[in-house]
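Enquirer: pasting the sequence and the predicted model now:
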Amino acid sequence: MASYASKVGQDIARWVENGLIDAETAEKLRRDIEANVRRSLSFGTVLAMLAAILLGAAILIFIAANWETIPRIARVVAVFAVIAAGYVGGAWLKLRDHPAFAEAAWVVAAAAFGGAIALIGQMYHFSGDESGAILTWCAGTALAAAALRSNPLTVMAVAIADGWMVMMLLNGFDFRSGFDIPYLYVLMAFALFLISYWTRSQPSRHLIILSLIIYAGFVAAADEWDAMAISAGDRLGCGLCGGGLCIRAAG
């Protein structure tokens with residue numbers, strides 16, 4: 001559908017140049033096409049996204065495999081060169097009316113940004129944990145999505161946020177206390193939901209709603225887990241000391 005809109009846009013420019021329509025009519029036609037174009041992923045766009053993901057993974061694997069043999073300054077330059085090339089090259093492709101390849105280049109740059117956080121943090125021994133690194137990656141990708149008004153980058157930011165939520169839930173799980181709920185995710189989901197309207201990313205909104213349903217399920221499971229733990233502790237305590245004092249003291 002994007003190629004159709006591009007073709008009509010070229011035709012409109014040619015019609016104006018040949019005097020078939022005036023500039024006001026041309027602008028009305030362009031606005032009508034922009035308002036009614038079906039914003040869906042074509043087969044070419046899907047292939048471009050898959051190629052971008054594979055290319056980004058290949059770059060990160062190559063850098064990680066040769067990390068010790070590459071000089072430190074060359075590592076930093078290489079990582080930031082990939083990020084700059086992705087964003088600048090994507091903008092150039094966007095201006096050249098190749099939106100699918102532009103989005104793919106931006107996805108590569110966002111993936112390289114995530115790899116840069118991990119690799120440079122390891123190289124310079126920055127303090128912090130995986131949670132902070134993923135949050136930084138998510139924030140950077142979300143800002144890029146808002147600045148470039150990119151649908152795929154918005155989906156990528158939501159996917160990173162969902163991955164952070166799952167990681168926090170699994171890492172915070174304990175058989176005695178249950179799940180440690182990451183309440184920060186609610187604020188992240190709200191911010192990403194607003195960005196999705198700016199970038200016109202309907203898939204990301206669907207993904208956010210689905211993740212919030214899963215999040216609510218974990219919250220409910222955590223409450224049930226606490227209730228079962230208290231009930232089991234009371235029963236066990238009554239059998240040992242008659243009042244559950246030993247279990248409460250141990251807790």
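Expert: Alright, I've got the coordinates. Numbers count the residues shown, from 1 in each chain.

Enquirer: got a list of what residue 134 touches?
Expert: 160, 163, 164, 167 (Cβ atoms under 8 Å, 6 or more residues apart in numbering). C-beta coordinates here come from the backbone N, C-alpha and C atoms, glycine included.

Enquirer: pLDDT check: weakest of those residues?
Expert: The lowest pLDDT within those belongs to residue 167, with 86.

Enquirer: so which residue is smack in the middle of this protein?
Expert: Nearest to the geometric centre of the chain sits residue 157, at 1.7 Å (Cα atoms, centre = their mean).

Enquirer: picking up where we left off before, inside helices: which ones of the contacts of residue 134?
Expert: Counting by DSSP state H, the contacts of residue 134 place 160, 163, 164, 167 in helices.

Enquirer: dump those to TSV, plus neighbour count and distance to residue 122.
Expert: Putting the ones in helices among the contacts of residue 134 into TSV (neighbours: other Cβ atoms under 10 Å; distance: Cβ to Cβ, whole Å) gives the following:
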residue	neighbour count	distance to residue 122
160	22	19
163	13	19
164	22	19
167	14	18
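
Enquirer: for the residues you listed, which one is nearest residue 87?
Expert: Distances from residue 87 to the ones in helices among the contacts of residue 134, taken as Cβ to Cβ, are shortest for residue 160 (17.1 Å).

Enquirer: thought that closest one was touching residue 138?
Expert: Yes - contact criterion Cβ atoms under 8 Å: residue 160 and residue 138 qualify, at 4.3 Å.

Enquirer: next, residue 19: phi, psi?
Expert: With angles defined as degrees, to the nearest 10, residue 19 sits at phi 80, psi 10.

Enquirer: wait, what's in contact with it?
Expert: Under the criterion of Cβ under 8 Å, 6+ apart, residue 19 has no neighbours.

Enquirer: okay, now the unreliable bits of this protein?
Expert: For the chain, residues meeting the criterion pLDDT under 70 lie at 1-5, 34-46, 48-49, 56, 59-60, 63-64, 66-68, 123-129, 172-180, 222-251.

Enquirer: just the helices from this protein, written as ranges.
Expert: Taking DSSP H to define them, one finds helices in the chain at 2-17, 23-36, 43-65, 72-95, 99-124, 130-148, 151-171, 184-198, 202-240, 245-250.

Enquirer: show me what the first one is packed up against.
Expert: It stands for helix 2-17. helix 23-36 (3 or more Cβ pairs under 8 Å, 6 or more residues apart in numbering; DSSP states H and E).

Enquirer: buried set for the helix it packs on?
Expert: For helix 23-36, a neighbour-count test (16 or more other Cβ atoms under 10 Å) marks 26, 29 as buried.

Enquirer: what angle sits between it and helix 2-17?
Expert: Helix 23-36 and helix 2-17 are oriented at 170 degrees to each other (axes from the mean of the first three to the mean of the last three Cα atoms, to 10 degrees).

Enquirer: what about helix 23-36, distance to the chain center?
Expert: 32 Å (Cα atoms, centre = their mean, to the nearest Å).

Enquirer: ok, residue 168 touching residue 162?
Expert: No - assessed by Cβ under 8 Å, residue 168 is found out of contact with residue 162, at 10.9 Å.

Enquirer: how near is residue 152 to residue 196?
Expert: 12 Å (Cβ to Cβ, to the nearest Å).

Enquirer: check residue 136 too.
Expert: 20 Å.
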